[in-house]
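J.: Next one to model:
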Amino acid sequence: MSRAFATVINQVRAQGLHGRVADYIPELAKADPDEFAIAATSVSGHTYQAGDSASRFTIQSISKAFTYALALQACGIDTVLRHVGVEPSGEAFNAISFDDRHRPANPLINAGAVVTTSLIPAATGDERFERIRAGLSEFAGRQLEADETVAASESATGDRNRALAMLARSHGMLGSTVDDAVEPYFRQCALLVDCSDLAVMGATLANHGENPITGQQVVSPTIAQQVLSLMSSCGMYDRSGQWLFEVGMPAKSGVGGGIVAVAPGEYGIGVYSPPLDEAGNSSRGVVALRTLAQEFGLHLFNHPDRPTSPIAGMVNDHSADTITLHLRGTIDFIAAEQVAYAAAEALHEAGRSMLLLDLADVTAITTVAGRLISDLCEDAGTARAWRVIVRDPARIMTS
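T.: Here you go, the predicted model:
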């Protein structure tokens, strides 16, 4: 998987895509435009990454989706819906966008995000931010901290967001004072993450609200579903319709250059590349995720049927020092991952040195699953001193 990501990074770099690092918040203009990373975390809790995956950046508007989840958890859907809608705005992220009930169009544009932040129960702005920081840390599986320099820069240039908050308050939609809404909002956008953090946060939504690394149920399955629904229709600003049409994954972008995308039931993906397109989404990130979606069949409406287990049977041959796994059905990423880890466990426990993967009953292998199995074959000999043989009479792996 990591090799596949490295290949995509190289392919996208070769396209010479252009974009502009966000500079309307002065601190964001300091980002290195050459940095590029991809990470994924499966619902089984395994992470794969490539590129500048250790680079940290501020989460920016990606935080909106997760703060919305916290508001739903704290206040309930009915209360939140009275204050902010769920319709795509079709406008820029900082547009004055209110519906006929005077609600911001959705929680993933600035007007809606400020209102969502104001709904988090707290006596002060500092307390509100701390609750948001703690909640997003649970999604990430580690303690997140804000870049206070970036937060101060956002506050110093945040008059438009204050105006949106004042307008929302004039309509009775804001749940706090203007300052106690916008200052925590600026600080939540300044939380520092890396691609792996985004992948884990996305995987938590993919895993019915349970963090696959920590095992913590961060939000309910219903809330995870509601957030993913909004990300599908509203997460990429005024390119959300095109995104759903072409890529078909729930996603949320941020002007810091990050994007989180989710393959429900499978994994979360984090992408980072600072230069932005004219809609405010990472230029290289958009192309990378489009490529992954096309190559790996990740579109939301492309769900293959899956048997209970991809392993139809296991044979432990003492005389040949071999474990044989008989596979079946369609092998996708999750199935291939199960095979890889089941094989490693079986070989270790039985003390065998050879693995035979029998694909005679396999009907199809997705591209990403094929690459994962190929990686298993290549890595087994070098890292674990195992030999892996693939029996593929129908040449499924090469078709």
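J.: Only C-alpha atoms from now on, for both contacts and neighbour counts.
T.: OK.
J.: For residue 38, which three-state class applies?
T.: strand (DSSP: H, G, I helix; E, B strand; the rest coil).
J.: so who does residue 120 touch?
T.: 70-71, 74-75, 128, 131-132 (Cα atoms under 8 Å, 6 or more residues apart in numbering).
J.: and those residues as CSV, adding pLDDT?
T.: Converted to CSV, the contacts of residue 120 look like this (pLDDT from 0 to 100):
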residue, pLDDT
70, 98
71, 97
74, 96
75, 96
128, 97
131, 97
132, 98
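J.: Go through those residues and say which is closest to residue 340.
T.: Among the contacts of residue 120, residue 70 lies closest to residue 340 (Cα to Cα), at 35.4 Å.
J.: so how far is stretch 206-219 from its chain's centroid?
T.: Distance of stretch 206-219 from its chain centroid, counting by Cα atoms, centre = their mean, to the nearest Å, is 13 Å.
J.: Show residues contacting it.
T.: 42-46, 69-70, 73, 135, 138-141, 200-201, 203-205, 220-225, 262-268.
J.: switch to 7 Å and redo it
T.: If you take Cα atoms under 7 Å, 6 or more residues apart in numbering as the criterion, stretch 206-219 is touched by 43-45, 73, 138-139, 141, 203-204, 220-221, 224, 262-268.
J.: Show the buried residues in the contacts of residue 120.
T.: Listed as buried from the contacts of residue 120 are 70-71, 128, 131-132; burial here means 16 or more other Cα atoms under 10 Å.
J.: List the contacts of residue 65.
T.: Applying Cα under 7 Å, 6+ apart, the residues contacting residue 65 are 108, 227.
J.: tell me which element it is part of?
T.: Applying DSSP states H and E as the criterion places residue 65 in helix 62-75.
J.: Next secondary structure after that helix?
T.: As assigned by DSSP H and E, the chain's next helix or strand after helix 62-75 is helix 77-83.
J.: tell me which residues of that next one are tucked away?
T.: Quick answer for helix 77-83 (16+ other Cα under 10 Å): 80, 83.
J.: what's the answer for stretch 177-190, then?
T.: Buried residues in stretch 177-190 (16+ other Cα under 10 Å): 178, 180-190.
J.: What is the neighbour count of residue 308?
T.: 8 (other Cα atoms under 10 Å).
J.: Please report how far it lies from residue 315.
T.: Residue 308 is 19 Å from residue 315, where distance means Cα to Cα, to the nearest Å.
J.: Residue 146: what's it in contact with?
T.: 187, 190-192.
J.: Quick check: bridge partners of it?
T.: residue 191 (DSSP bridges).
J.: any idea how far residue 172 is from it?
T.: Applying Cα to Cα, the value for residue 146 to residue 172 is 30 Å.
J.: before we move on, what about residue 283?
T.: Residue 283 is 37 Å from residue 172, by Cα to Cα.
J.: so which helix or strand takes in residue 342?
T.: helix 333-350.
J.: which outside residues touch that helix?
T.: Here helix 333-350 has contacts from 266, 310, 323, 353, 368-369, 372-373, 376, using Cα under 7 Å, 6+ apart.
J.: What average pLDDT does it get?
T.: In this model, helix 333-350 has a mean pLDDT of 84.
J.: Note down every partner strand of the helix or strand following that helix and its orientation.
T.: Downstream of helix 333-350, the next assigned helix or strand under DSSP H and E is strand 354-365. Applying DSSP bridges, strand 354-365 is found paired with strand 322-331 (parallel), strand 387-391 (parallel).
J.: Only alpha carbons, please: show the shortest one as CSV.
T.: By that I understand strand 387-391. Extracted C-alpha coordinates of strand 387-391, given in CSV (Å, rounded to 0.1, in the frame of the first residue of the first chain):
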residue,chain,number,x,y,z
ARG,A,387,8.8,-17.9,1.0
VAL,A,388,5.5,-17.1,-0.6
ILE,A,389,4.1,-18.9,-3.6
VAL,A,390,0.9,-17.8,-5.4
ARG,A,391,-1.2,-20.5,-7.2
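J.: between it and helix 333-350, how big is the angle?
T.: Angle of strand 387-391 versus helix 333-350, following axes from the mean of the first three to the mean of the last three Cα atoms, to 10 degrees, is 130 degrees.
J.: next one: strand 387-391 to chain centre, how far?
T.: Worked out by Cα atoms, centre = their mean, strand 387-391 lies 33 Å from the chain centre.
J.: what does that strand contact?
T.: Contacts of strand 387-391 (Cα under 7 Å, 6+ apart): 353-359, 377, 380-381.
J.: try stretch 352-363
T.: 321-330, 347, 386-393.
J.: Now do the buried residues in that stretch.
T.: Result for stretch 352-363 [16+ other Cα under 10 Å]: buried residues 352-360, 362.
J.: Sketch out the low-pLDDT regions of this protein for me.
T.: 303-307, 380-384, 399 (pLDDT under 70).
J.: for it, what spans make up the strands?
T.: 37-42, 47-51, 57-58, 192-193, 251-253, 258-263, 267-272, 311-317, 322-331, 354-365, 387-391 (DSSP state E).
J.: Please produce a PyMOL select command covering the buried subset of the contacts of stretch 352-363.
T.: If you want just the buried ones from these in PyMOL, going by 16+ other Cα under 10 Å, the selection is:
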select buried, resi 322+323+324+325+326+327+328+329+330+347+386+387+388+390
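J.: For the residue lying farthest from the centre of the chain, give its distance to residue 364.
T.: Relative to the centre of the chain, and counting by Cα atoms, centre = their mean, the farthest-placed residue is residue 319 at 46.2 Å. To residue 364, residue 319 is 31 Å away according to Cα to Cα.
J.: same question, residue 213
T.: For residue 213 relative to residue 364 (Cα to Cα), the value is 30 Å.
J.: quick one: buried residues of stretch 213-230?
T.: Those would be 213-214, 217-221, 223-230, for stretch 213-230 by 16+ other Cα under 10 Å.
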